[in-house]
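Colleague: sequence first, predicted coordinates after that:
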Amino acid sequence: MSNEQKKYSIDTQCVQGTYDPTNGEPRVVPIVQSTTFTYDDPDLLADLFDLKASGDFYTRLGNPTNGHLEGKMALLEGGVGALALASGQSASMFAILNICNSGDHVISSSSIYGGTFNLFDVSLRKLGIDFTFIDPDASLDEIIAAAKPNTKALFGETLANPGLTVLDFEKFAAAAKAMDVPFIVDNTLATPYLCRPFEHGVDIVIHSTTKYTDGHATSVGGVLIDSGSFNWNNGKYPGLTEPDSSYHGLRYVESFGKAAYIVKARTQLLRDYGNVMSPFNAFLFHLGLETLHVRMERHSENALALATYLSGHSKVEWVKYPGLPGDPYYALAKKYLPKGQSGILSFGVKGGAEAGKTLVKNLDMVRMVVHLGDLRTSVLHPASTTHRQLSGPQQIASGIRPEMIRVSVGLEGIDDIIKDFDNALLSV
Ligand SMILES: *Cc1c(COP(=O)(O)O)cnc(C)c1O
């Protein structure tokens, strides 16, 4: 990534960032749908295997199309490197497994995506990693009090799906500093256009690129991004500082400095677990990023307009949108998401869960889908779908109420979106 590109505004970085073709090369990032790459010198290939030289040799470990997506994501977030993965779930899993072994402990905000909660609370627990979930509104002292000698990371979500809590970065970063552990954040709903967590003390960022990065609901993918700012040399992360027996005793921090974490995630975890992103999907995500700035602006504008309309409707009991004055997270949203608060809002219709289901059935243009971040407006009833595996108390802790409808506000004309909700609300 050239220093020249770091000087551009984020709008220009979205459009032009990192891909810089020379004479006769394609103007648009090409899809390199090849599993492998040829070399005529065995010693060169040996150096690639030993990480002494850089270059692609097998797509599970690296591919030029994926590389362009990784470069652009690292540029937009302001990190030293990124790793494209098969899904957002893979990115969350890698973020933790890259630094935690059986016997380690992680503190996470309880207001996170339901899939992440299950990954942590069930699947990673089975591997021997312990999790403590804390209310994102807990005080600094309460967060620090959850620390144990084996605590290795602090996790939260910028704008939580679907609780719509806004993370207090300053407080969480202070807690992570006090515990001397990395602060890991899922920035999926905000995107780097609306919020750059590394500017607020975050060390590692993950995205489900399935959502706003894609923006058109075509592909599942994820990305892990390293700020390069955490000092791993504090005795807690032997996987990064001690010799890796699967790489002839290589020490990641010693050999790769600020990029140690992201190099290890690729060369060890991706090599062994194999959660690779398809180059075709990387192409689509890269294409999505080229319009991210324009889309996020309009998603935010439309969501605020729909939230304002719904909050004035006599059949609507409550509306949750952090950009709405009076929302409990309004002040944090203004502080950390000043350009817009993204396209997700939730609301409850008077009459509880049944009235909510009727409303969803009454909608015409707006469809019910298990997704968000698409340019088409969609709705979902989380309690009966995405969060049904959680218990009642777990649902409440994740910010889910039984009557709640989540709206992913798209890019259609706002008058048409409002009209669809207006008609649907007539007969609930
Ligand atoms: C969807 C989502 C994920 C999981 O991503 P997948 O690409 O579906 O695996 C993680 N975090 C958030 C905030 C999400 O919305």
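Modeller: Yep, it's here. All values reported here derive from a predicted model rather than from experimental measurement. Numbering: from 1, shown residues only.
Colleague: kindly report the residues of the protein close to the ligand.
Modeller: Counting by C-beta under 6 Å from any ligand atom, the chain comes close to the ligand at 87-89, 113, 115-116, 157, 161, 186, 188-189, 208, 210-211, 220, 222. Any C-beta I mention is one placed from the backbone N, CA and C, and that applies to glycine too.
Colleague: keep only those of those that are in strands.
Modeller: The members of those that map onto strands under DSSP state E are 157, 186, 208, 222.
Colleague: where's the nearest residue in space to the last one that is not next to it in sequence, which helix or strand?
Modeller: If you skip the residues right next to it in sequence, Gly222 has Ala91 as its closest partner in space, 3.4 Å away by C-beta to C-beta, 6 or more residues apart in numbering. Using DSSP states H and E, Ala91 sits in helix 88-97.
Colleague: so for that helix, mean pLDDT?
Modeller: Computed over helix 88-97, the mean pLDDT rounds to 98.
Colleague: ok, residues contacting that helix?
Modeller: The contact list for helix 88-97 (C-beta atoms under 8 Å, 6 or more residues apart in numbering) reads 83, 85, 106, 113, 115-116, 119-120, 124, 127, 129, 153, 155, 184, 186, 188, 204, 206-211, 220-224, 265, 269-270, 273, 275.
Colleague: how close does the residue of the stretch 301-428 of the chain found nearest the ligand get to Asn161?
Modeller: Of all residues in the stretch 301-428 of the chain, Leu372 sits closest to the ligand, at 6.2 Å by C-beta to the nearest ligand atom. Separation of Leu372 from Asn161 (C-beta to C-beta, to the nearest Å): 7 Å.
Colleague: how about the contacts made by Val220?
Modeller: The neighbours of Val220, taking C-beta under 8 Å, 6+ apart as the test, are 86-88, 210, 281.
Colleague: can you put the residues you listed in a markdown table and add neighbour count?
Modeller: Formatted as a markdown table, the contacts of Val220 follow (neighbours: other C-beta atoms under 10 Å):
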| residue | neighbour count |
| --- | --- |
| Ala86 | 18 |
| Ser87 | 18 |
| Gly88 | 24 |
| Thr210 | 24 |
| Asn281 | 22 |
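Colleague: tell me which of those residues is nearest to Ala173?
Modeller: Using C-beta to C-beta, Gly88 comes nearest to Ala173 of the contacts of Val220, at 22.6 Å.
Colleague: does the residue of the stretch 301-428 of the chain closest to the ligand touch Thr386 like I think?
Modeller: No: taking contacts as C-beta atoms under 8 Å, Leu372 lies outside contact range of Thr386: 9.8 Å.
Colleague: quick one, which of those two is more surrounded?
Modeller: The residue with more neighbours, out of Leu372 and Thr386, is Leu372; 26 against 21, by other C-beta atoms under 10 Å.
Colleague: rewinding a little: overlap in contacts of Leu372 and Asn161?
Modeller: Common neighbours of Leu372 and Asn161, counting by C-beta under 8 Å, 6+ apart, are 189, 344.
Colleague: where do the strands sit along the stretch 201-350 of the chain?
Modeller: Assigned strands in the stretch 201-350 of the chain, in chain order: 204-208, 222-226, 316-320, 344-349 (criterion: DSSP state E, counting those that start in this stretch).
Colleague: now render the ones you listed as CSV, adding mean pLDDT and mean neighbour count.
Modeller: As requested, these are exported to CSV (pLDDT from 0 to 100; neighbours: other C-beta atoms under 10 Å):
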stretch, mean pLDDT, mean neighbour count
strand 204-208, 98, 29
strand 222-226, 98, 29
strand 316-320, 96, 19
strand 344-349, 96, 24
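Colleague: now for the ones you listed, which one comes closest to Leu45?
Modeller: Comparison of the strands of the stretch 201-350 of the chain against Leu45 by C-beta to C-beta identifies strand 222-226 as nearest, at 26.3 Å.
Colleague: from the residues of the chain next to the ligand, which two are the most distant?
Modeller: Going by C-beta to C-beta, the pair spanning the residues of the chain next to the ligand furthest: Glu157 and Val220, at 18.5 Å.
Colleague: where does this structure get nearest to the ligand, residue-wise?
Modeller: For the chain, C-beta to the nearest ligand atom, closest residue to the ligand: Gly88, 2.2 Å.
Colleague: the closest residue to Val29 other than its chain neighbours: neighbour count?
Modeller: Spatial nearest neighbour of Val29, excluding adjacent residues (C-beta to C-beta, 6+ apart): His68 at 4.7 Å. Counted by other C-beta under 10 Å, the residues lying close to His68 total 24.
Colleague: His68: what's it in contact with?
Modeller: So His68 contacts 18-19, 29, 282, 286 (C-beta under 8 Å, 6+ apart).
Colleague: among those, which ones are buried?
Modeller: Those of these that meet the buried threshold are 18-19, 29, 282, 286, by 16 or more other C-beta atoms under 10 Å.
Colleague: for those, give me TSV that also has pLDDT.
Modeller: Output for the buried ones among the contacts of His68, formatted as TSV (pLDDT from 0 to 100):
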residue	pLDDT
Thr18	91
Tyr19	93
Val29	97
Ala282	98
His286	98
